[in-house]
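Novice: the amino acid sequence is not available; the structure is as follows:
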């Protein structure tokens with residue numbers, strides 16, 4: 001019987017990471033999470049608590065040069081999904097935070113791992129393209145990052161490829177497009193629109209809503225990532241659907257699927273906004289090298305996410321009801 005693939009992973013308690021962790025465990029892989037904590041996912045925490053997944057607590061800067069080689073020496077793959085959100089509002093300070101909290105720790109990990117030459121999978125972003133001059137964008141197009149986040153992702157991409165190339169190791173750089181799905185709680189368009197719809201408040205669209213994005217379901221992103229790991233595919237790959245959706249059409253779709261008539265309001269465009277952002281992925285490289293084709297349609301995926309938000313609301317309502325029922329008894333006992 002073949003030995004299970006041994007994976008060391010960061011970010012296993014995040015939105016994408018918890019989905020990917022479930023697939024790794026389901027595929028019988030031996031998974032070790034590393035970092036300062038297991039993240040926000042209750043599912044990830046339960047796997048660690050039950051001993052199904054190992055967790056090795058270490059400084060998020062990954063500066064322990066004695067510990068890292070011991071953790072990574074037998075790894076077949078290093079999956080890098082960890083990310084620390086900067087808190088500063090200043091662009092210059094945000095960039096410094098990105099370099100300190102995300103770029104440097106990532107490169108320390110890769111450098112330590114290369115002694116055993118694992119396959120490296122790095123979760124990057126289509127934001128590295130900036131505002132591309134044409135659509136769809138392919139991996140051959142010149143990156144033009146315009147935010148601290150995108151700059152940091154591109155620096156990591158190029159440094160990982162440089163380090164791996166120097167040590168005859170392989171790396172998959174996965175440029176995820178706009179990922180969505182159940183469990184997504186960050187303040188992006190889809191969860192924002194769903195929350196507003198379920199609360200009966202207006203959906204707010206910036207400007208004319210004609211910006212266009214490639215929305216890819218988290219389960220499809222996990223499919224692509226698993227294939228990159230299994231095939232040890234070397235290169236840069238867009239992970240998206242190849243289909244663009246404008247923000248205004250997205251808002252209308254959420255309303256239709258939730259079967260509500262909440263109004264859509266237009267907010268002034270963001271200061272400094274230039275020409276319309278249109279970022280749709282050319283996915284031919286992922287199709288060829290990874291056998292990847294996104295399979296979840298946007299209506300199907302949004303319906304699933306609406307159901308998840310409704311379930312969360314129901315659980316909160318039941319919890320509040322239980323608290324309210326017990327409050328009088330607690331008050332009497334205290335009195």
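Specialist: Looks like it arrived, so ask away. Model, not experiment: these values are computed from the prediction.

Novice: quick one: the strands in the stretch 201-335 of the chain, in order.
Specialist: Shown for the stretch 201-335 of the chain, the strands assigned by DSSP state E, counting those that start in this stretch span residues 203-206, 212-213, 215-217, 235-239, 245-246, 264-267, 278-279.

Novice: what pLDDT, on average, does the fifth one get?
Specialist: Going back to what we said before, that points to strand 245-246. Mean pLDDT, strand 245-246: 97.

Novice: go on, stretch 160-176?
Specialist: Average pLDDT, stretch 160-176: 93.

Novice: sorry, back to before: mind checking the strands of the stretch 201-335 of the chain for the one nearest to residue 63?
Specialist: Nearest to residue 63 among the strands of the stretch 201-335 of the chain is strand 235-239; the distance by CB to CB comes to 28.3 Å. C-beta here means a position set from N, CA and C on the backbone, and glycine is covered the same way.

Novice: direction included, what does the closest one pair against?
Specialist: strand 171-176 (parallel) (DSSP bridges).

Novice: beyond the strand it pairs with, next helix or strand please.
Specialist: The helix or strand immediately downstream of strand 171-176 is strand 178-180, counting by DSSP states H and E.

Novice: which residues sit against the helix or strand that comes right after that following strand?
Specialist: Of the helices and strands lying after strand 178-180 in sequence (DSSP H and E), the nearest is helix 189-199. Residues outside helix 189-199 that contact it (CB atoms under 8 Å, 6 or more residues apart in numbering): 178, 180, 184-185, 202-204, 213, 215, 247, 250-251, 254-255, 258, 260, 262, 302, 305-306, 309-310, 313.

Novice: SS state for the spatially closest residue to residue 101 that is not a sequence neighbour?
Specialist: If the residues on either side of it in the chain are set aside, residue 101 comes closest to residue 84, at 4.0 Å by CB to CB, 6 or more residues apart in numbering. The three-state assignment at residue 84 reads coil, by DSSP: H, G, I helix; E, B strand; the rest coil.

Novice: surely residue 84 touches residue 102?
Specialist: Yes - look at residue 84 against residue 102 with CB atoms under 8 Å: they come within range, at 5.7 Å.

Novice: more neighbours, the two?
Specialist: residue 102 (23 against 16; other CB atoms under 10 Å).

Novice: for that one, what are its contacts?
Specialist: 83-84, 152, 156.

Novice: farthest pair within those?
Specialist: Maximum distance among those (CB to CB): 12.7 Å, for 84 and 156.
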